[in-house]
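Peer 1: here is my input; please provide its structure:
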Amino acid sequence: MDTTPNALSSDATVLRLVVPPEQTVPMVFASPHSGRDYPPEFVAASQLDPVSLRRSEDSFVDELFACAPALGAPLLAALFPRAFCDPNREPYELDPAMFSGQLPEWANTRSPRVAAGLGTIARVVASGAEIYARRLPVAEVERRVGSFYRPYHERLCGLLEATRARFGWSLLIDCHSMPSVGGPMDRDPGLSRVDVVLGDCFGGACDPLFMQVAEERFAALGYRVVRNTPYAGGFTTRHHGQPRTGSHALQIEVNRALYMDENTHQRSAGFAPLAADIQRVAEALAAAALEFRTA
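Peer 2: Sure thing, here's the model as predicted:
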């Protein structure tokens, strides 16, 4: 049987979906922040240079987790950058001060993410630098949410629903990377970070088995691992982590210093070894998922 994964997308400008010939595990992998297609009009509207705009980007995370389709699970990745539109937020987490015009009345303007400048349309990049020199028209909210955010989430929801229909339950692995040192907008400014942070919303987003398997496998491979600090899981993990309904979610954050130069956004010699170790962790999770299915 042909085991070559297939790349599929209903909108090649928004997302990339790689699927196996047959889904054989009840898992879906998603990378919401690795997008690196920066719209020219966005770059032109920014007061930051292109390198600075990439400070919020989870560079190459979709490639680090590229093993997923070979394990029998789909891999979804946003192609648009997080600094342009963040799909790991509510659809309308917005700072009114950023826009000329009235935001929708249902917009969440008071979340901690908005206060930090990191809403659905971010005010700052991860370094704390302001992205825009002037206010955006409020119509830009609907354009970005409608044309970028929603297609990504519609595809993600469809993948998870199809997985539950096939297997009776689903496990979402939400894939991220983090700066090696906490930034000014983070909970740990200036502090060096461990190698891997696993987030399950403090035990609420997935069965404890999956956290345990991921933690033990990363640790056995020599990585320093912590749970839920400083990242317990974003909107995606909270929204899709509903174990009582058969929807489990685990967020994985890997330290960027393990695999890239954070200043130049170039892959380092550590990229291939980390990708190989991530595959070992993913294999362990897939084996646990198959056992969990029959428990």
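
Peer 1: list the buried residues of the longest helix anywhere in the chain.
Peer 2: In terms of residue count, the longest helix belonging to the chain (DSSP state H) is helix 271-294. Within helix 271-294, the residues that qualify as buried are 271, 274-275, 277-279, 281-282, 284-286, 288-289, 292, counting by 16 or more other CB atoms under 10 Å. C-beta here means a position set from N, CA and C on the backbone, and glycine is covered the same way.

Peer 1: can you give the contact residues for that helix?
Peer 2: Applying CB atoms under 8 Å, 6 or more residues apart in numbering, the external contacts of helix 271-294 come out as 25-27, 29, 60, 63-68, 71-73, 167-169, 171, 173, 207, 209-210, 213-214, 217-218, 221, 223, 250, 252, 254, 258-260.

Peer 1: now it, how far from the centre of its chain.
Peer 2: 18 Å (CA atoms, centre = their mean, to the nearest Å).

Peer 1: restricting to C-alpha, output it in PDB.
Peer 2: Output of helix 271-294 as PDB, limited to C-alpha atoms (Å, rounded to 0.1, in the frame of the first residue of the first chain):
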ATOM      1  CA  PHE A 271      17.100  20.500  14.300                       C
ATOM      2  CA  ALA A 272      17.400  16.900  13.000                       C
ATOM      3  CA  PRO A 273      18.100  15.300  16.400                       C
ATOM      4  CA  LEU A 274      15.100  17.100  18.000                       C
ATOM      5  CA  ALA A 275      12.800  16.100  15.100                       C
ATOM      6  CA  ALA A 276      13.900  12.500  15.600                       C
ATOM      7  CA  ASP A 277      13.200  12.700  19.300                       C
ATOM      8  CA  ILE A 278       9.800  14.300  18.700                       C
ATOM      9  CA  GLN A 279       9.000  11.400  16.400                       C
ATOM     10  CA  ARG A 280       9.900   9.000  19.300                       C
ATOM     11  CA  VAL A 281       7.500  10.900  21.600                       C
ATOM     12  CA  ALA A 282       4.800  10.900  19.000                       C
ATOM     13  CA  GLU A 283       5.200   7.200  18.500                       C
ATOM     14  CA  ALA A 284       4.800   6.600  22.200                       C
ATOM     15  CA  LEU A 285       1.700   8.800  22.300                       C
ATOM     16  CA  ALA A 286       0.300   6.900  19.300                       C
ATOM     17  CA  ALA A 287       0.900   3.600  21.000                       C
ATOM     18  CA  ALA A 288      -0.800   4.800  24.100                       C
ATOM     19  CA  ALA A 289      -3.700   6.200  22.100                       C
ATOM     20  CA  LEU A 290      -4.300   2.800  20.500                       C
ATOM     21  CA  GLU A 291      -4.200   1.100  23.900                       C
ATOM     22  CA  PHE A 292      -6.500   3.800  25.300                       C
ATOM     23  CA  ARG A 293      -9.000   3.200  22.500                       C
ATOM     24  CA  THR A 294      -9.500  -0.400  23.600                       C
END
